[in-house]
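Enquirer: only the shape, not the letters, is given here:
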């Protein structure tokens, strides 16, 4: 899209016409090095063996096998891994389930027409 050989139109004007930032023109993507790929493979193997491990447990498990990495790096790589988005299997909180013994109070202000400041505050006292 952007032609670096054009002399009549500068790179800045070409970027403005295409609505592309100039910094993205000069950016060269950096590939993943071999050590990171090896770490990602090890994380995948550990996660396959223990699918209930989160990033903290995987980061604690890795030094036993000679890999030292922090929890935040493990978490980032778990999200990147082939865009699989590895996530631990665990029982989460059940927040939307009502307890059968808890009373549900009716909403008292439904039919009240609020006409002045502090009307609701004063009427509830």
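Expert: Arrived safely. Values in this document were obtained by computation on a predicted structure and should not be read as measured data. Numbering: from 1, shown residues only.

Enquirer: pLDDT weak spots in this structure?
Expert: Residues of the chain meeting the criterion pLDDT under 70: 82-84, 122-125.

Enquirer: ok, the residue nearest the centre of it - contacts?
Expert: By C-alpha atoms, centre = their mean, the chain has its centre lying nearest to residue 79, at 8.0 Å. For residue 79, the contact set (C-beta atoms under 8 Å, 6 or more residues apart in numbering) comprises 85, 86. The C-beta positions use only the backbone N, C-alpha and C, and glycine is treated the same way.

Enquirer: gap between it and residue 43?
Expert: Taking C-beta to C-beta, to the nearest Å as the measure, residue 79 falls 11 Å from residue 43.

Enquirer: before we move on, what about residue 12?
Expert: Noted for residue 12: a distance of 43 Å to residue 43, by C-beta to C-beta.

Enquirer: and those two? Which one has more around it.
Expert: Taking other C-beta atoms under 10 Å, residue 12 and residue 43 do not tie; residue 43 has more neighbours (25 against 10).

Enquirer: check which element follows the helix of greatest length in the chain along the chain.
Expert: Ranked by number of residues, the top helix in the chain under DSSP state H is helix 34-49. For helix 34-49, the succeeding helix or strand toward the C-terminus, using DSSP states H and E, is helix 55-61.

Enquirer: what's that following helix in contact with?
Expert: 43, 46-47, 50, 53, 69-75, 78, 88.

Enquirer: returning to what we had before: ok, and what's touching the longest helix of the chain?
Expert: 32, 53, 58, 61-62, 65, 67, 69, 74, 77-78, 80-81, 86.

Enquirer: out of those, who's the most crowded?
Expert: Neighbour-wise, the contacts of helix 34-49 (other C-beta under 10 Å) top out at residue 74, 28 neighbours.

Enquirer: that one reaches residue 68, doesn't it?
Expert: No: the pair residue 74 / residue 68 is not scored as a contact, 10.8 Å apart, by C-beta atoms under 8 Å.

Enquirer: for these two, list the residues in contact with both.
Expert: With C-beta under 8 Å, 6+ apart as the test, residue 74 and residue 68 both reach residue 62.

Enquirer: thank you, goodbye.
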